[in-house]
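Q: let's see this in three dimensions:
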Amino acid sequence: QVQVVESGGGLVQAGGSLNLSCEASGRTFLIYKTGWFRQAPGKEREFVADILRSGSRTNYADSVKGRFTISRDNPKNTLLQMNSLKPEDTGIYYCAVSDTYEYKWWGQGTQVTVSS
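A: Numbers count the residues shown, from 1 in each chain. Below is the predicted model:
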């Protein structure tokens with residue numbers, strides 16, 4: 001019902017920056033919030049940040065506070081600005097959108113690699 005596509009991953013040196021974009025299509029009126037998650041090799045997927053549809057509230061994992069910023073220029077497009085990247089930020093980054101109950105629609109993910 002909602003399609004999600006991420007873009008913007010890549011390879012960067014430690015201390016560098018990357019911007020990820022998440023574009024939703026389909027029944028986007030169902031979106032309550034949009035979140036970013038990541039999964040490092042051999043680890044479980046973890047929450048990174050999320051933002052309400054209105055943009056009025058954001059949440060961040062402690063590990064990225066002060067370095068990552070989530071924002072949206074419209075309800076269909078959500079951005080994740082990542083600064084001061086560390087090797088431990090390496091992983092596949094997934095965008096997901098939630099209705100009022102749970103994250104239901106996920107993208108395929110985009111690889112972020114931070115070299116030391």
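
Q: list the buried residues for the helix or strand encompassing Phe47?
A: According to DSSP states H and E, Phe47 maps onto strand 46-52. By neighbour count on 16 or more other CB atoms under 10 Å, the buried set for strand 46-52 is 47-52. (Glycine included, C-beta is placed from N, CA and C.)

Q: ok, those vs Tyr60, which is closest?
A: Distance ranking of the buried residues of strand 46-52 against Tyr60, using CB to CB, places Ala49 first at 4.8 Å.

Q: what bridges to the closest one?
A: With DSSP bridges applied, Ala49 shows beta-bridge pairing to Trp36, Tyr60.

Q: with Val114 instead?
A: Per DSSP bridges, the residues bridged to Val114 are Val12.

Q: show me what contacts it?
A: By CB atoms under 8 Å, 6 or more residues apart in numbering, the residues touching Val114 are 11-14, 16, 85-90.

Q: from these, list the buried ones, please.
A: Judged by 16+ other CB under 10 Å, buried ones among the contacts of Val114: 12, 85, 89-90.

Q: out of those residues, which sit inside strands?
A: Residues of the buried ones among the contacts of Val114 located in strands (DSSP state E): Val12.

Q: tell me which helix or strand comes right after the lowest-mean-pLDDT helix or strand in the chain.
A: Least confident helix or strand, the chain: strand 68-74 with a mean of 92, by mean pLDDT, DSSP states H and E. Moving toward the C-terminus from strand 68-74, the next helix or strand (DSSP H and E) is strand 77-82.

Q: relative orientation of that next one and strand 46-52 in degrees?
A: Using axes from the mean of the first three to the mean of the last three CA atoms, to 10 degrees, the direction of strand 77-82 lies 130 degrees away from that of strand 46-52.

Q: output the contacting helices and strands for strand 77-82.
A: For strand 77-82, the helices and strands in contact under the criterion 3 or more CB pairs under 8 Å, 6 or more residues apart in numbering; DSSP states H and E are strand 18-26, strand 33-39, strand 46-52, strand 68-74.
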